[in-house]
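Asks: Any chance you could fold what I've pasted below:
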Amino acid sequence: MSKTLLDPGIPILTEVIEGSTDFVPPTKPLATTTTATATVAAKPVPRPEVVDVPLIDGWLTEEWNHLERKIGGRILAEVMAQVESGIEARVRDALADVLQTSIETMANEVKNNLRVTLESLIAQAVHQEISRMQFSKK
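Replies: Prediction:
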């Protein structure tokens, strides 16, 4: 597990809560006693009131906003890197298929055009040779 360095400008949660005017220190829970037949629990400890966000000082809101932007930026960068690599792989695969099909189609067209052209040239050459042979007999 890696240790992360704490930013001195960002307060720790306990500092924020203890510094708040609405902070109610937790009471120690009463000990639970166990007998041979049953467990006797102490009275439930009342929960401190939930601090409403508008009651927190403005500087704290700014710090939370800064932290939110910083974390959001990191997550966005990581997600975009994964999205980009995923998109590149899909495009590469799609292009490979398209290029392979295009190359096969183009190769077949070139072969057919070459065959037609060669047939035409050979037919002309044979026709000219036959014409020459007929002309020389006369």
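
Asks: contacts and neighbour counts: CA atoms only from here.
Replies: OK.

Asks: can you pull the contacts of Ile122?
Replies: Going by CA atoms under 8 Å, 6 or more residues apart in numbering, Ile122 touches no other residue.

Asks: and the gap between it and Ala77?
Replies: Separation of Ile122 from Ala77 (CA to CA, to the nearest Å): 65 Å.

Asks: before we move on, what about Glu109?
Replies: Counting by CA to CA, the gap from Glu109 to Ala77 is 46 Å.

Asks: and what of Met106?
Replies: As judged by CA to CA, Met106 and Ala77 stand 41 Å apart.

Asks: same question, Ile130
Replies: Ile130 is 77 Å from Ala77, where distance means CA to CA.

Asks: Likewise for Val116?
Replies: The gap separating Val116 from Ala77 is 57 Å, by CA to CA.

Asks: repeat for Asn108
Replies: Separation of Asn108 from Ala77 (CA to CA): 46 Å.

Asks: repeat for Glu84
Replies: On the measure of CA to CA, Glu84 and Ala77 end up 10 Å apart.
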